[in-house]
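Colleague: let me see the structure of the following:
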Amino acid sequence: MSRNIFTMLENDDLIDVRKVRQEVVERLDKFQRRLKKNFDKRRKQAKIYQVGDLVLVHISSVVAKDKSRKHCAKYKGPYYIVECLENDRYRIADILGANGPSRTLEYQGVYAAESIKPWVIFASATEEL
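Modeller: Reported below is the predicted structural model:
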């Protein structure tokens, strides 16, 4: 069906609705495949974490009082991975005492792999690598 539907309406031609619907479905499929292809070009594989790994969590909204947001922390932690869920999601928990001595309750939450990054532990100068 190569003719434009508006041309067909102007000429009082009969329109086969099934053909029009089929063409719309085909065009939508083609468009969605193109969108997926472009998205997948820039997407990198999510990092895989194991239960017990120490991680930092991205802070999505930073509230800064009397200072620039530019100098505020972008991540908080450390937390540890409690459970690996489907679709690159992880259940994380607070390390008691790590985020202040007044914390008595353990925080738990579910985060996507792209919202967390590994907690880096540097070896001391006396240890051999």
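Colleague: drop to CA atoms for contacts and neighbour counts, all remaining ones
Modeller: Fine.
Colleague: now the lengthiest strand in the chain: buried residues?
Modeller: If you go by DSSP state E, the chain has its longest strand at strand 75-84. Taking 16 or more other Cα atoms under 10 Å as the basis for neighbour counts, the residues of strand 75-84 that come out buried are Tyr75, Gly77, Pro78, Tyr79, Tyr80, Ile81, Val82, Cys84.
Colleague: read off the pLDDT value for the nearest residue to Tyr75 once chain neighbours are set aside.
Modeller: The shortest distance from Tyr75 to any non-neighbouring residue, by Cα to Cα, 6 or more residues apart in numbering, is to His58 (4.4 Å). Note for His58: predicted pLDDT of 89.
Colleague: okay, buried residues for the helix or strand harbouring Arg34 please.
Modeller: Taking DSSP states H and E as the definition, one finds Arg34 inside helix 17-42. Under the neighbour-count criterion of 16+ other Cα under 10 Å, helix 17-42 has nothing buried.
Colleague: run the chain-centre distance for the helix or strand that that helix is followed by.
Modeller: Counting by DSSP H and E, the next helix or strand C-terminal to helix 17-42 is strand 54-58. Its chain's C-alpha centre lies 14 Å from the corresponding centre of strand 54-58 when counted by Cα atoms, centre = their mean, to the nearest Å.
Colleague: now strand 54-58 against strand 75-84, angle please.
Modeller: When axes from the mean of the first three to the mean of the last three Cα atoms, to 10 degrees is applied, the directions of strand 54-58 and strand 75-84 differ by 120 degrees.
Colleague: begin at 28, not 1, for the rest of this chat.
Modeller: Sure thing, new numbering starts at 28, so read that last one as strand 81-85.
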